[in-house]
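In: structure, please.
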Amino acid sequence: MSGPVDLTDCDREPIQAPGAIQPHGVMLVAGRTSQEITHLAGDAARALGEGKWLGRTLGEALGDDLGAQIARLTQSTASGSYVGQLAAASGGAFDVSVHLVGEHLVVEIEPGVAHMRPASQVLAELEAGAAAFERTIGLKGLCDRAAVEFRRLTGFDRVMIYRFQDDDAGAVLAEDKVAELPSFLNHHFPGSDIPAQARALYVRNLVRVIPDIAYRPAPLHPAWVEEAPLDMSDCALRSVSPIHMQYMANMGVRASASVSIVKDGALWGLIACHNATPLLLPYEVRAACSALAGALARQIKAKEEAEGYRDRLRLRSFEDDIVAGLVRDGSLDANMGEVVGEVRNMMAADGVAVLRAGELTFEGVHPSEVEVRELASWALEQGIQPLATDRLSERFAPAKAYRDHASGLLALTISAEEPFLILWFRAEQVEVVEWAGNPHKAAAGEPGGALSPRKSFEAWSQTVRGRSRGWTAIEVEAAQRLRQTLLDARQARRLRELNQRLSDTLADKDGLLQQKEFLLKEVNHRVQNSLQLVSSFLGLQARALKDPLVQEPFEEARRRLSAVALVHRRLYRADQIETVDLSRYFEDLISDMLTSMGPEWAGMISLEISPVMIPTDRAVTLGLIVTELVINANKYAYDGAPGPIEIALSDEGANFRLVISDRGKGKHTPREGFGTRMMAAMVSQLSGVIEQQDNKPGLRAVLTAPVAFPASGGGAAG
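Out: I've put the predicted structure just below:
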């Protein structure tokens, strides 16, 4: 190449009006009113028998029944429809569908299955696939399941779930394939691989199939002479771009199919299918793929919305804690140091700086004081509320000097006059992106000449620096809400000052509350010391024993003790002592457990938990149950070795549902040991029910219990 190739050449290629079809089928073009065939493409003799079909009516070519159905379509507002099957002249069956294109009827005739399955059987399979999607936990699990289901449905050698990103590039989130093929899992593809007009067609035409990329296009006969070319956007037989065919050949693919994943009217991603040999997908399978993709899109939306909902609740919980801490007795300046840690944790930041009336308060990793003041002045000048960037050095050049500490910035101005700003920092996250081929060599060609696709898809790594983990829209929204809440808190403080005389009458009550708080802290201190003493004793005893089988019960006892101690620590930090937020409690509990279980367990336990407020005494019991089930999964599913464990918690009105699943041996054996008896007693204590289910593979323990004690029942035993 003597110069750069203009990739907009791809967007100028008339892919929606190629004037030809793929030769495995036949296309008839007829007048909408007359139904007289004016153009033909493909081997008509194979489908219709020998003869001259141009000038005849669709009824004469296809039979009166199909002709009548097509005539009814011309009276409706539908743009296209499947009309039935046609018995082939040489045997077999052909599927017939029709589209309205202006004043033309475009009829597609393509090979079908001789004996179509009953609709009830197809619906049952689709419902089973949709149910499998619904059972998955998280977006990654959903995409993994989708790859398996679509490969089972289509029979292709490789099926990938491909997601588009903001810059039109894409990444493979999940893959199911035959062992012989190379993997593209987690690989990225540049946006130039799929031009803009092709992405637009993906939204309009949800399923596209190329049974054999080595085909020779079958042109329309006679040649199209109207001013506007025939639009084949909705046609399954539409001949595809030669550039795309060469692209597939360069990947070593002989047959391909793609099914669009459209969420809220926008292209979210694709189900990309590859095969090493020619493979045809009849209309029946394509229709099933389209329906299953719709179910997948709905589950993607549901899981993304559920994740967003949990994030909003989590951020709201932090916001409430921060504001509660700031409006305690004393000024904002005096209390800021006590809550600055919560301010940092709220946004999962590596560091935070609070500038108020010239005074700086820091927490975590941050630039120097001089650099922070300079950065705060720049943020004020931007006039953006809030200001968020994950590549600060590209917008503020001096930040290159401290990009390892602050490549990401979320700046919130509470008051420009004082000034009063909160600056959250995220450290540089050096990322190695795996591309399917060099993205900077996405196309090749001579300037002014024909464009050709790239030839290499070997893994190519790119190191990206100067960027942090991005700020989500939900986090930016929470920052804006925190700003308004703090402004409201300042106004409320002024009102409290005006009502100081009224507050004096409550002095006695305040004294009692302070005494209660002191007693609670003293009791917590003593309880924590006692629990720590017992834990240390157990640790000493375990280390003194040489037999691992004897050591194991001591370690299990320490984990159970940790679950109880954690509740006490949370009560000590919280304003609310009657209830505990299970989502934050479980996060801390699992973090403590992973520390004791060893570094090999890092990343093995995944959480999908919704905030559930539960009475404190029930939280202690639940902590012990979670600890016991994780211990059982470690011991019996994986024989003591690390393995994936998923924990899900959901709020179901008056009840909660806790699911702990593994992917281990998948066999539940009733036991009569201490752990089993303790588990039964704790579940009974909660007035709940626990079930052991097949996780295919592994086991799922599903606990359902009331959030509070039943009105007619007693509390847990002390």
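In: can you give me the buried ones in the host helix or strand of Gln491?
Out: Element membership for Gln491, per DSSP states H and E: helix 473-498. By neighbour count on 16 or more other C-beta atoms under 10 Å, the buried set for helix 473-498 is Ile474, Glu475, Val476, Ala478, Ala479, Leu482, Arg483, Thr485, Leu486. Any C-beta I mention is one placed from the backbone N, CA and C, and that applies to glycine too.
In: what about it, distance to the chain center?
Out: 31 Å (C-alpha atoms, centre = their mean, to the nearest Å).
In: so that it lines up with my notes, have the first residue be 56 from now on.
Out: Happy to do that; since the first residue is 56 now, the last one works out to helix 528-553.
In: check Gly385 and give its pLDDT.
Out: In this model, Gly385 is scored at 56, pLDDT.
In: same question for Ser57.
Out: 33.
In: one step back: mind putting the buried residues of helix 528-553 into CSV with distance to Ala346 and pLDDT?
Out: Shown next, in CSV, are those (distance: C-beta to C-beta, whole Å; pLDDT from 0 to 100):
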residue, distance to Ala346, pLDDT
Ile529, 31, 89
Glu530, 36, 89
Val531, 37, 89
Ala533, 38, 89
Ala534, 41, 89
Leu537, 44, 86
Arg538, 46, 85
Thr540, 46, 81
Leu541, 49, 80
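In: contacts for whichever strand or helix holds Leu95 next, please.
Out: Secondary structure from DSSP H and E places Leu95 in strand 92-96. Residues outside strand 92-96 that contact it (C-beta atoms under 8 Å, 6 or more residues apart in numbering) are 75-76, 81-86, 108-113, 116, 159, 273-277, 279, 285.
In: which positions in the very next helix or strand once past it come out as buried?
Out: Per DSSP H and E, the first helix or strand lying C-terminal to strand 92-96 is helix 99-103. In terms of neighbour count (16+ other C-beta under 10 Å), helix 99-103 has its buried residues at Ala99, Arg101, Ala102, Leu103.
In: could I get those residues as JSON lines with distance to Met659?
Out: Compiled in JSON lines, the buried residues of helix 99-103 are given as follows (distance: C-beta to C-beta, whole Å):
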{"residue": "Ala99", "distance to Met659": "61"}
{"residue": "Arg101", "distance to Met659": "57"}
{"residue": "Ala102", "distance to Met659": "57"}
{"residue": "Leu103", "distance to Met659": "61"}
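In: which of the three states applies to Thr416?
Out: Using DSSP: H, G, I helix; E, B strand; the rest coil, the secondary structure recorded for Thr416 is strand.
In: pretty sure it sits against Val398.
Out: No - between Thr416 and Val398 there is no contact under C-beta atoms under 8 Å: 9.1 Å.
In: neighbour-wise, which of those two wins?
Out: The neighbour count for Thr416 versus Val398, taken as other C-beta atoms under 10 Å, is higher for Val398 (26 against 16).
In: excluding its backbone neighbours, what's nearest the residue nearest the centre of the chain?
Out: The centroid of the chain falls nearest to Leu194 when counting by C-alpha atoms, centre = their mean (3.6 Å). Nearest non-adjacent residue to Leu194, counting by C-beta to C-beta, 6 or more residues apart in numbering: Lys358, 5.3 Å away.
In: what about that neighbour, how many neighbours?
Out: Here the count is done by other C-beta under 10 Å, and Lys358 has 20 residues near it.
In: my guess is His329 is in a strand, correct?
Out: Yes - counting by three-state DSSP, His329 is found in a strand.
In: look at it and say how many residues are nearby.
Out: His329: 22 surrounding residues under other C-beta under 10 Å.
In: now do the helices in the stretch 556-705 of the chain.
Out: Taking DSSP state H, counting those that start in this stretch as the test, the helices found in the stretch 556-705 of the chain are 562-599, 603-628, 637-652, 671-687.
In: how far away is Ala331 from Ala310?
Out: According to C-beta to C-beta, to the nearest Å, Ala331 and Ala310 sit 8 Å apart.
In: more neighbours: those two, which one.
Out: Ala310 (22 against 15).
In: phi, psi for the more buried one please.
Out: Ala310 adopts backbone torsions of phi -130, psi 150, taken as degrees, to the nearest 10.
In: quick one: the helices in the stretch 306-455 of the chain?
Out: Counting by DSSP H, counting those that start in this stretch, the stretch 306-455 of the chain has helices at residues 338-381, 387-401, 424-437, 447-450.
In: quick one: contacts of the third one?
Out: By C-beta under 8 Å, 6+ apart, the list of residues contacting helix 424-437 from outside reads 408, 410, 415, 417, 421-422, 442, 451, 453-454, 456-457, 461, 464, 466, 468, 471, 474, 476, 478.
In: quick revisit: would you list the helices of the stretch 306-455 of the chain in JSON lines and tack on distance to Ser742?
Out: Output for the helices of the stretch 306-455 of the chain, formatted as JSON lines (distance: least, C-beta to C-beta, whole Å):
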{"stretch": "helix 338-381", "distance to Ser742": "26"}
{"stretch": "helix 387-401", "distance to Ser742": "34"}
{"stretch": "helix 424-437", "distance to Ser742": "53"}
{"stretch": "helix 447-450", "distance to Ser742": "53"}
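In: Ala202: which of these is closest?
Out: The closest of these to Ala202 is helix 338-381. By C-beta to C-beta, the value is 10.4 Å.
In: can you give me the offset of the closest one from its chain's centre?
Out: Centroid displacement of helix 338-381 relative to its chain, using C-alpha atoms, centre = their mean, is 8 Å.
In: stretch 239-246 too?
Out: Taking the mean of its C-alpha atoms, stretch 239-246 sits 16 Å from the chain's own mean (C-alpha atoms, centre = their mean).
In: how about that stretch: buried residues?
Out: Under 16+ other C-beta under 10 Å, the buried positions of stretch 239-246 are Phe239, Leu240, His242, His243, Phe244, Pro245, Gly246.
In: same thing with stretch 439-455?
Out: Buried, per 16+ other C-beta under 10 Å, within stretch 439-455: Pro441, Leu442, Ala443, Thr444, Asp445, Arg446, Leu447, Ser448, Phe451, Ala454.
In: before we move on, the earlier item: between the buried residues of helix 99-103, which is nearest Cys198?
Out: Closest approach to Cys198 among the buried residues of helix 99-103 (C-beta to C-beta): Ala102, at 38.7 Å.
In: that closest one contacts Phe149, doesn't it?
Out: Yes - between Ala102 and Phe149 there is a contact at 5.1 Å, judged by C-beta under 8 Å.
In: where do the contact lists of the two overlap?
Out: Listed as contacting both Ala102 and Phe149 by C-beta under 8 Å, 6+ apart are Gly80, Val81, Leu141, Ala143, Ile164.
In: many thanks, I have nothing further to ask.
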